[in-house]
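In: next comes the sequence, and after it the predicted model I'd like to discuss.
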Amino acid sequence: MTAVKSIAVLTSGGDSQGMNAAVRAVVRSALYHGVKVFGVQRGYQGLINNDITEMDLRSVGDIIQRGGTILQTARSKEFTTPEGQQLGAENLRNRGIDGLIVIGGDGSYQGANKLSKLGIKTMGLPGTIDNDIAFTDFTIGFDTAVSIVVDAINKLRDTMTSHERSSVVEVMGRHCGEIALYAGLASGAETILVPEVPHDCQEIAKRMSDNFAHGKRHSIILVAEGAGKGDDIARQIMEHNGIDARVTVLGHIQRGGTPTHTDRILASRLGDFAVRRLIEGDSGKSCGVIKGELVATDIDLVVNTKRPFNMELYNLALRLSQ
Ligand code: ADP
Ligand code: F6P
């Protein structure tokens, strides 16, 4: 006996690599458990527009390796209104759909919560490259985004060393510094600027001059977009120490390409877990993995909890980049 007879799945907000692997896991797991499954095109706007199609095993063939989302995504102002939410719930109910899995960030989770309160059983999957969702060690897409940044910095090191320059690399993350932190530690960056930790460009410039004086032949500065603009940071530092700097803004390249195996496995585990929680009658929860264990946490708690910044990793990165 399953608590839900039919479920729908949608992707919402900024897309991320691994969303397709999550959609695939939701569809295959639902069908395995004898539950009908529908795909909603273009996030909550598709829910309002009734752009909902039943899916089968073949609907999600050959997508585990693809970035982006076959269901596409959208940002929908209309869905932030009670009327939009009511219409979305009605469109689901008219098809006999009693469960919904939302793959997105915290904004999308807020939407899932509104549907929960309208009687639709919902589960949230943390689909965003930002890694800014609490109660999961990592979000779907984060590992791939960090790998893209690290690969770019590997390339930048070569040319910055040839010219004995500093390289300022601006990365995504919205108001969260996790991409900069993890990519900075993995790349041996000398400086990592994140919104969670105040910075002083004069101190950075002085430390860079000392490093060059002691034989370093390049300097890598990672700037999370929430901490400022790469161009502004480069200009301020150059004004203090005169060391030639070049700025690279990685932008949306961090959001594309094939997901790493880590993101594919995370997405597969979470997609299947969300289906099993709905079948067991659970609702209004965000699915995550903490220390390897699958967890489901109230969405209300998740969206009202700021993810703690990992100062231990931050200090390690600086200690090892002397
Ligand atoms: P993310 O999910 O990546 O944080 P957004 O913050 O853009 O992305 O949210 C995605 C969509 O979720 C929005 O376009 C809107 O349709 C819906 N949404 C966001 N916040 C709310 C809210 N408080 N109530 C209802 N729907 C919301
Ligand atoms: O939330 C994911 C994210 O990539 C952020 O890191 C970034 O600031 C934002 O989306 C960009 O939004 P858009 O794709 O709408 O330009």
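Out: That came in fine, so what should we check first? In this text, all values refer to a predicted model and were calculated from it rather than measured experimentally. Ligands and ions are numbered 1, 2, ... in the order given.
In: alpha carbons only for contacts and neighbour counts from here, please
Out: Will do.
In: can you pull the residues of the chain lying near ligand 2?
Out: Counting by C-alpha under 6 Å from any ligand atom, the chain comes close to ligand 2 at Gly14, Thr128, Ile129, Asp130, Met172, Gly173, Arg174.
In: in JSON lines, list these along with neighbour count.
Out: JSON lines is the format used below for these (neighbours: other C-alpha atoms under 10 Å):
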{"residue": "Gly14", "neighbour count": "18"}
{"residue": "Thr128", "neighbour count": "28"}
{"residue": "Ile129", "neighbour count": "29"}
{"residue": "Asp130", "neighbour count": "27"}
{"residue": "Met172", "neighbour count": "26"}
{"residue": "Gly173", "neighbour count": "23"}
{"residue": "Arg174", "neighbour count": "16"}
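In: mind putting the residues you listed into JSON lines with pLDDT and secondary structure?
Out: Below are the residues of the chain next to ligand 2 laid out as JSON lines (pLDDT from 0 to 100; DSSP: H, G, I helix; E, B strand; the rest coil):
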{"residue": "Gly14", "pLDDT": "95", "secondary structure": "coil"}
{"residue": "Thr128", "pLDDT": "97", "secondary structure": "coil"}
{"residue": "Ile129", "pLDDT": "98", "secondary structure": "coil"}
{"residue": "Asp130", "pLDDT": "97", "secondary structure": "coil"}
{"residue": "Met172", "pLDDT": "98", "secondary structure": "coil"}
{"residue": "Gly173", "pLDDT": "97", "secondary structure": "coil"}
{"residue": "Arg174", "pLDDT": "96", "secondary structure": "coil"}
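In: what's the closest of the residues you listed to ligand 1?
Out: Nearest to ligand 1 among these is Gly14, at 4.5 Å by C-alpha to the nearest ligand atom.
In: which residues are in contact with the closest residue to the closest one other than its chain neighbours?
Out: Using C-alpha to C-alpha, 6 or more residues apart in numbering and skipping the chain neighbours, the partner closest in space to Gly14 is Thr128 (6.5 Å). Neighbouring residues of Thr128 by C-alpha atoms under 8 Å, 6 or more residues apart in numbering: Gly14, Asp15, Ser16, Gly104, Gly105, Thr139, Ile140, Gly141, Phe142.
In: still on that earlier bit, just the residues of the chain next to ligand 2 now: which is nearest Arg217?
Out: Of all the residues of the chain next to ligand 2, Arg217 sits closest to Met172, with 26.6 Å by C-alpha to C-alpha.
In: who wins for neighbours among the contacts of Thr128?
Out: Within the contacts of Thr128, most neighbours by other C-alpha atoms under 10 Å means Ile140, with 34 neighbours.
In: so what's the residue lying closest to it once chain neighbours are set aside up against?
Out: Counting by C-alpha to C-alpha, 6+ apart, Gly127 is the residue found nearest to Ile140 once chain neighbours are left out, at 4.7 Å. Residues near Gly127 by C-alpha under 8 Å, 6+ apart: Asp15, Ser16, Gly18, Met19, Ile103, Gly104, Gly105, Thr139, Ile140, Gly141.
In: ok, Gln254 next?
Out: Gln254 touches Thr144, Ala145, Val146, Ile148, Val149, Met172, counting by C-alpha under 8 Å, 6+ apart.
In: phi, psi of it?
Out: Torsion angles at Gln254 (phi, psi; degrees, to the nearest 10) stand at phi -70, psi -10.
In: and Val223, by the same measure?
Out: According to degrees, to the nearest 10, Val223 has phi -120, psi 110.
In: would you check how far apart Cys133 and Arg93 are?
Out: Careful, residue 133 is Ile; it's not Cys. Counting by C-alpha to C-alpha, to the nearest Å, the separation of Ile133 from Arg93 is 29 Å.
In: compare these two (neighbour count), which wins?
Out: Shown here are Ile133 and Arg93; by other C-alpha under 10 Å, Ile133 has more neighbours (27 against 15).
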